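# Give me the fold of what follows.
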Amino acid sequence: QLQLVESGGGLVQAGGSLRLSCAASGRSFSGYNMGWFRQAPEKEREFVALINWSGSITYYTDSVKGRFTISRDNAKNMVYLQMDSLKPEDTAVYYCAASTGWVPARDEFAYWGQGTQVTVSS
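Numbering: from 1, shown residues only. The predicted structure is shown next:
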């Protein structure tokens, strides 16, 4: 089992920044590709960003490219999502997830955190 706990969410004005953190414990963290997903009210959970096990490869959904940056620190069992130039449409619960594959789809991720709320005011 891999346990994931997100933190760092909050309320921010449009144009502002937040940094989300995800702490992992349990099985070998460095063996997993890590992703961030988000779910807005009454919407499906959607993919946001993905990073490979070593941190050398990243992938983003188009709507966050150039604004969000995913990173990881395997020595600390942490993954991060730096969110800049935030927009009201970024408002959602953000989830950290772990996968052994490289497909940015919900079903490919076996382990999930409980989520952290991000609210961007206009």
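# can we go C-alpha only for contacts and neighbour counts from here?
Will do.
# Leaving out the residues flanking it, which one is nearest to the most centrally placed residue in the chain?
Closest residue to the average C-alpha location of the chain: Trp36 at 2.4 Å, with Cα atoms, centre = their mean. In this structure, Trp36 finds its nearest non-sequential neighbour in Cys96, 4.7 Å apart by Cα to Cα, 6 or more residues apart in numbering.
# The one you found reaches Cys22, doesn't it?
Yes - with contacts counted by Cα atoms under 8 Å, Cys96 reaches Cys22, the gap being 6.3 Å.
# Tell me which of these two has more neighbours.
It is Cys96, of Cys96 and Cys22, that has more neighbours when counted by other Cα atoms under 10 Å, with 31 against 24.
# how close does that one sit to Ser121?
23 Å (Cα to Cα, to the nearest Å).
# Pull the contacting residues for the closest residue in space to Ser99 that isn't next to it in sequence.
Nearest non-adjacent residue to Ser99, counting by Cα to Cα, 6+ apart: Phe109, 4.5 Å away. Listed by Cα atoms under 8 Å, 6 or more residues apart in numbering, the contact partners of Phe109 are Ala97, Ala98, Ser99, Thr100, Gly101.
# Return the residues in contact with the nearest residue to Ala49 once chain neighbours are set aside.
Excluding its sequence neighbours, the residue lying closest to Ala49 (Cα to Cα, 6+ apart) is Tyr60, at 4.4 Å. Neighbouring residues of Tyr60 by Cα under 8 Å, 6+ apart: Val48, Ala49, Leu50.
# wait, isn't the first one in contact with Val64?
Yes - here Val48 reaches Val64: they are 7.2 Å apart, a contact under Cα under 8 Å.
# Tell me what Val5 is bridged to.
Beta bridges link Val5 to Ala23, judged by DSSP bridges.
# Isn't it up against Gly113?
Yes - at 5.1 Å, Val5 and Gly113 qualify as touching, with contact defined as Cα under 8 Å.
# Pull up the overlap in contacts between those two.
Common neighbours of Val5 and Gly113 (Cα under 8 Å, 6+ apart) are Cys96.
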